[in-house]
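Student: Sequence first, predicted model second:
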Amino acid sequence: MHYPTRHPLPTLEDRIVAQLALSPATRSQLCEALDTSRTNLGRALSTLLDEGSVGAVRSNAAGRGRPTQLLALNATAAHAVGLLITRTSCAGVMLNRSGAVLAAVHIVSQSSPSMSRSLEQTCETLAESAAAQGIDVTHVRAVGVGVPIPMGRNARLSSNAYPSVEELASLTGRWWPAAPVVDNTVRMAALAEGLWGAGTGMSSFIYLRLSGGVGGCVVSDFRLVGGATGLAGELGHITVAGNDALCACGKLGCLETLASIPALCERAGAQDLTALRAAVH
C-alpha cells in the first residue's frame, strides 16, 4: 500500500538485462562492461536464466578449454503483466524483462459488466493475443491490477459491492500464477506521476482526479502512502450531508455521486463532458 516514488538503484540483474538489450555478450564481456566479478555475475545470471529472461544463443567450441557461451536477452519471454479495469473500458499489457511491450489489448465496454467479469475478459484477451504471437508466458513474475474502487487494507468498504483482493487474485491466477499487486487506479496513476510525470522529484504532493469517480491520494517523503486503513486521500466515498444518492460502492451520499463527471453531466442535463463544457462557457 506504500509505494516509493523514486527510482531504486538498478540491481546487477537490471544492469545485465540493459547490457544484453544492446547486444548478446559472453560472461567475460559482461564482467568487463559492468565492472563486476565473475562470482557476482554468476549469481545474477543464475536468477535471469532460471526465470527465462536470458538464454544461451550459441556456444563456440573452437580452441582449448571451456566453450565460450554467448548470452542474449530472451525478448519474447513475458516478465510482467499490467491490467487496468475502469467502468467503461479495460486494458492489458505484457512486458519482457527489459520493459518492452510484447502484447497489448484494449476493450471498450458499452454496458457495465461486473468487475470480476471485466478482469476475466481482459486476462483472456491478453492471453490469446500473447499465444497468437508465440510469446512465452511461463515465467511471468509480476502482475499488477488497477481497479476503479477503493482498496482498503484488510477490509472492503462493502461486503457485497466489491470483489476482494483474493477473489481478483484467483482470477489472474488462472493465467499467471504470480500473486498480483491490486490497487486503486487513481493511486497507480499518482505513482506513475511521481516516477515519470508531473510529480517527478517532488517529495510530497496530493493527486486528485475527477473522472468516472472522484479519487485522490497523498505522496509524503517520496512515498505514496495509504494511512492506517490504506484509504488516505480517498475522497470519493466521503459522505456528503443531505445527499442520499446510491453509490456504486453500496453506500448512500458519497461525494462521487455529486462531483464525478457522469454525476455533473446528469445534473446539468449534458450528454458528455464536451457538452457540459460548452454549456458552462
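Tutor: Perfect, I can see it now. Numbering: from 1, shown residues only.

Student: Starting from the worst-scoring helix or strand of the chain on mean pLDDT, tell me which strands it pairs with and how they run.
Tutor: Using mean pLDDT, DSSP states H and E, strand 54-60 stands out as the lowest-scoring helix or strand of the chain, at a mean of 78. Using DSSP bridges, strand 54-60 pairs in its sheet with strand 68-73 (antiparallel).

Student: List the neighbouring strands of the following helix or strand past the strand it pairs with plus their orientation.
Tutor: Heading C-terminal from strand 68-73, the first helix or strand you meet, by DSSP states H and E, is strand 80-85. Applying DSSP bridges, strand 80-85 is found paired with strand 89-95 (antiparallel), strand 142-147 (parallel).

Student: will you turn the ones you listed into a markdown table that also has distance to residue 50?
Tutor: For the C-beta atoms, the positions are set from N, CA and C on the backbone; glycine is no exception. Formatted as a markdown table, the strands paired with strand 80-85 follow (distance: least, Cβ to Cβ, whole Å):
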| stretch | distance to residue 50 |
| --- | --- |
| strand 89-95 | 19 |
| strand 142-147 | 15 |
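
Student: Identify whichever of the ones you listed lies nearest to residue 3.
Tutor: The minimum distance between residue 3 and the strands paired with strand 80-85 falls on strand 142-147, with 10.9 Å, by Cβ to Cβ.

Student: Report the rounded mean pLDDT for the closest one.
Tutor: Averaged over strand 142-147, pLDDT sits at 95.

Student: Which strands or helices does the helix or strand following it pack on?
Tutor: Next along the chain after strand 142-147, taking DSSP H and E as the criterion, comes helix 165-172. Under the contact definition 3 or more Cβ pairs under 8 Å, 6 or more residues apart in numbering; DSSP states H and E, helix 165-172 sits against helix 115-132, strand 142-147, strand 181-184.

Student: Residue 217: which of those is closest?
Tutor: Per Cβ to Cβ, nearest to residue 217 of the helices and strands packed on helix 165-172: strand 181-184, 7.7 Å.

Student: pLDDT weak spots in the stretch 1-150 of the chain?
Tutor: Counting by pLDDT under 70, the ranges of the stretch 1-150 of the chain that qualify are 1, 59-67, 110-112.

Student: go again using 80 as the cut-off
Tutor: Applying pLDDT under 80 to the stretch 1-150 of the chain flags residues 1, 58-68, 109-113, 150.

Student: do the same with the stretch 151-281 of the chain
Tutor: Ranges of the stretch 151-281 of the chain meeting pLDDT under 80: 151-162, 230.

Student: Let me see the ranges of the helices in it.
Tutor: Shown for the stretch 151-281 of the chain, the helices assigned by DSSP state H, counting those that start in this stretch span residues 165-172, 185-196, 256-259, 261-268, 273-280.

Student: Just put these in JSON lines and tack on mean neighbour count and distance to residue 212.
Tutor: JSON lines is the format used below for those (neighbours: other Cβ atoms under 10 Å; distance: least, Cβ to Cβ, whole Å):
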{"stretch": "helix 165-172", "mean neighbour count": "17", "distance to residue 212": "19"}
{"stretch": "helix 185-196", "mean neighbour count": "20", "distance to residue 212": "10"}
{"stretch": "helix 256-259", "mean neighbour count": "20", "distance to residue 212": "8"}
{"stretch": "helix 261-268", "mean neighbour count": "15", "distance to residue 212": "6"}
{"stretch": "helix 273-280", "mean neighbour count": "12", "distance to residue 212": "11"}
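
Student: Please name whichever of the strands paired with strand 80-85 is nearest to residue 194.
Tutor: strand 142-147 (15.2 Å).

Student: So which bits of the closest one are buried?
Tutor: Judged by neighbour count using 16 or more other Cβ atoms under 10 Å, the buried positions of strand 142-147 are 143, 144, 145, 146, 147.

Student: Can you name the residues bridging to the first one?
Tutor: With DSSP bridges as the criterion, residue 143 is bridged to residue 81.

Student: Over to the one 4 residues further on?
Tutor: According to DSSP bridges, residue 184 are recorded as the beta-bridge partners of residue 147.

Student: Turn the helices of the stretch 151-281 of the chain into JSON lines, columns for distance to residue 223.
Tutor: JSON lines is the format used below for those (distance: least, Cβ to Cβ, whole Å):
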{"stretch": "helix 165-172", "distance to residue 223": "21"}
{"stretch": "helix 185-196", "distance to residue 223": "9"}
{"stretch": "helix 256-259", "distance to residue 223": "26"}
{"stretch": "helix 261-268", "distance to residue 223": "29"}
{"stretch": "helix 273-280", "distance to residue 223": "33"}
